[in-house]
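Peer 1: requesting a structural model of the entry that follows:
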Amino acid sequence: MRRSLEQFLDSQTVPDGAVPTTVLNSWARTSQLGLRPTDSVIATSAPGRSDTRRILEQHRYLVDIARLPIEELHKSLPSSPDWVVLCISADGMIVHGVGCQLGAPKILQAALQLGRSVREADIGTSAAGCALAERSCQTVAGGEHYLHELSSLVCAAVPFHSPDGTVAGVLDMTHVGAGLDVWAVDMLRWTARRIENDMMRKLSGRTIICLNPDPHLAGTAHEGLIALDESTQTCLLNARARHFLGLDTRGHEAVPAERLFESAEWKRLLLDPGAANQIRSVRDTRGFLLYASQSQAPTTKVAASRGSVPRERHNFHNEDGMGLPLDKDPKIAEVLKTGIRAVDKGVPLILEGESGTGKEVMAKAIHLGSTRADKPLVAINCAAIPEGLIEAELFGYVDGAFTGGRRGGSAGKIAQADGGTLFLDEIGDMPLVLQTRLLRVLQERQITPVGGLHPIPVEFALICATHRNLSQAVEQGKFRNDLFYRINGLLLRLPPLRERHDLKDLVQRFLLECSEGNGAFELEDDVFALFASYSWPGNIRQLRNAICASAVLAGDRARISTADLPETLKRELNLTGDANDDQVIDKPLAMAEFETIRRVLESVDGNVTRAAQALGISRSTLHKRLRALSPR
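Peer 2: Residues are numbered from 1 along each chain as shown. Just a heads-up that it's a prediction; the model follows:
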């Protein structure tokens with residue numbers, strides 16, 4: 001990435017797809033502002049105390065409304081001083097932060113001080129600066145930062161809006177590390193929506209109506225909000241309400257109430273003395289069925305949120321995880337219920353299931369439903385950590401333990417899970433030599449960092465997941481039998497998608513997710529019938545990717561037909577045998593995959609990042625597939 005930056009500064013061009021478009025745009029703006037990558041601005045542009053007090057006082061309202069949501073977001077992240085969550089004003093000033101403690105790396109303490117500006121003119125390319133400039137969610141990692149002194153940081157930022165549609169500020173999540181998990185960015189988006197909703201509810205002189213296409217969304221950050229003026233003649237709507245009602249989600253102007261519901265429906269909501277806080281089915285002027293209720297008063301809402309953090313978090317993961325909702329299929333609901341009981345009683349769990357069945361999502365939901373919900377959940381993919389680094393990752397290391405280690409050492413993943421839940425994904429792929437170390441930790445409940453002399457006590461709930469048959473692995477000598485019996489307090493099997501009974505709910509959830517901001521997508525009946533008869537070998541992950549790719553290929557059409565399905569899925573569904581297209585029958589599977597990628601790229605104007613998101617793969621994987629599949 002640094003070579004790409006040097007090439008860009010020399011010629012203002014880089015190879016296609018090498019750098020995200022938004023980062024390139026930011027580099028261009030930053031270079032025009034006169035900054036150089038070697039500039040050191042962090043130490044020289046620190047805000048003075050008087051400036052900090054003035055900025056904080058100027059944005060007191062923003063700080064008050066964002067404080068609780070970002071504190072709860074920070075609690076849900078790994079318990080590490082490497083993480084900070086920031087509230088940034090619309091003019092680019094850091095006005096509140098959680099996690100900037102004395103134990104945080106010095107680069108975080110220096111770069112993320114209260115009162116500091118994160119505008120591109122001051123610190124170059126960052127997620128917060130890009131989010132303010134692009135008005136959208138942005139991530140900037142490592143060398144994508146324009147200034148070399150920020151290259152150890154990884155950050156994501158999401159703008160949030162005032163009820164009138166103007167950008168009110170940006171939420172930023174930053175740490176020192178290798179990357180950000182998708183679920184962490186999703187939680188950042190969710191927190192931004194929650195702040196937007198809180199701002200809507202605090203409007204004076206307005207009656208707030210909560211609106212949802214599904215009554216289970218009530219009380220979450222994904223519900224639509226309608227703010228009626230005192231005369232109940234015009235309304236302000238958040239983006240979700242506009243989406244549910246078929247309006248332009250980019251609009252912000254007040255809407256006449258008569259455009260939304262018939263007068264009889266408004267009377268049911270506003271005049272019925274029993275309507276407040278009760279969810280009622282209503283039909284909009286299009287005849288679409290929705291669920292609505294009057295909102296609680298803001299003071300009650302805030303007080304309630306303080307006393308119900310585990311429930312709100314549980315709702316978030318139930319409604320927005322990849323394999324969720326979790327309460328529609330009886331088997332899945334029973335796994336969740338049993339898993340929560342087991343964790344609360346200290347019984348170690350093994351979640352067994354095929355790849356893509358949502359084992360990590362289930363682990364998160366179990367944690368958030370347990371009594372440990374306010375403590376960290378630390379997830380480790382045992383198959384993804386290089387064998388040479390796995391001891392340092394799990395057990396941490398002391399200062400000077402090895403060349404290249406961080407000054408002061410590092411707490412390992414297991415220490416980060418102290419008091420919370422440790423989730424070991426793909427534990428069946430853990431090397432045998434590390435299985436011995438893990439067994440000792442589970443027996444003694446203490447760890448010794450690499451290079452350390454004294455053990456450190458730890459306490460955590462344990463959830464493991466695997467797509468392998470661990471009993472068979474034990475018989476084959478690939479997994480220690482003593483470790484197996486230590487972790488196998490209770491084995492819960494997640495059924496594959498073909499055995500679940502909530503396909504319709506999953507499809508609706510993914511359609512809603514993929515259609516945000518672009519109108520409501522629906523499946524043609526014959527498409528859903530094909531989905532219902534298909535075996536889905538990739539399970540929920542494959543279903544989600546198929547729906548998102550189909551939504552991209554459908555373009556402006558609201559209904560997804562068989563013609564919009566990805567070519568690889570068409571082939572598996574036997575939809576490519578059209579007598580009028582003999583070439584499709586003879587086309588190799590690789591060419592069908594190439595055609596799908598080509599169509600997705602065309603639909604997003606060649607933007608590799610957006611195409612990779614639509615296909616459910618990383619940018620690097622997409623580049624590899626393009627190189628492998630390109631006709632020669």
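
Peer 1: could you use CA atoms for every contact and neighbour count after this?
Peer 2: Will do.

Peer 1: wait, doesn't residue 355 sit right on residue 539?
Peer 2: Yes - Residue 355 sits in contact with residue 539 when judged by Cα atoms under 8 Å, with a separation of 7.2 Å.

Peer 1: ok, and the closest non-adjacent residue to residue 74?
Peer 2: Leaving aside its chain neighbours, residue 74 sits nearest to residue 85 (6.3 Å; criterion: Cα to Cα, 6 or more residues apart in numbering).

Peer 1: looks to me like that neighbour is in a helix.
Peer 2: No - going by DSSP: H, G, I helix; E, B strand; the rest coil, the assignment for residue 85 is strand, not a helix.

Peer 1: which strand residues bridge it?
Peer 2: Residues in a beta bridge with residue 85, per DSSP bridges, are residue 98, residue 173.

Peer 1: what sits against it?
Peer 2: Neighbouring residues of residue 85 by Cα atoms under 8 Å, 6 or more residues apart in numbering: 70, 73, 74, 97, 98, 99, 171, 172, 173, 174.

Peer 1: nearest residue to residue 156 other than its sequence neighbours?
Peer 2: Of all residues not flanking residue 156 in the chain, residue 139 sits nearest, at 4.2 Å (Cα to Cα, 6+ apart).

Peer 1: tell me which residue lies nearest the centroid of the chain.
Peer 2: Centroid-nearest residue in the chain: residue 186, 1.9 Å away (criterion: Cα atoms, centre = their mean).

Peer 1: per-residue pLDDT, it?
Peer 2: For residue 186, the model assigns a pLDDT of 78.

Peer 1: where does the prediction get shaky in the stretch 401-550 of the chain?
Peer 2: By pLDDT under 70, the weakly predicted segments of the stretch 401-550 of the chain are 401-409, 515-520.

Peer 1: show me where it has its strands.
Peer 2: Under the criterion DSSP state E, counting those that start in this stretch, the stretch 401-550 of the chain contains strands at 421-425, 446-447, 456-457, 461-466, 490-493, 522-523.

Peer 1: can the ones you listed go into a markdown table with extra columns for distance to residue 246 and mean neighbour count?
Peer 2: Formatted as a markdown table, the strands of the stretch 401-550 of the chain follow (distance: least, Cα to Cα, whole Å; neighbours: other Cα atoms under 10 Å):
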| stretch | distance to residue 246 | mean neighbour count |
| --- | --- | --- |
| strand 421-425 | 40 | 25 |
| strand 446-447 | 55 | 20 |
| strand 456-457 | 55 | 13 |
| strand 461-466 | 41 | 24 |
| strand 490-493 | 40 | 18 |
| strand 522-523 | 13 | 19 |
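
Peer 1: which among those strands is found nearest to residue 219?
Peer 2: In terms of Cα to Cα, the element of the strands of the stretch 401-550 of the chain nearest to residue 219 is strand 522-523, at 24.7 Å.

Peer 1: which strands and helices lie in contact with the closest one?
Peer 2: The contact analysis (3 or more Cα pairs under 8 Å, 6 or more residues apart in numbering; DSSP states H and E) places strand 522-523 against strand 559-560.

Peer 1: just to revisit the earlier point, out of the contacts of residue 85, which one has the weakest pLDDT?
Peer 2: Minimum confidence in the contacts of residue 85 sits at residue 99, scoring 77.
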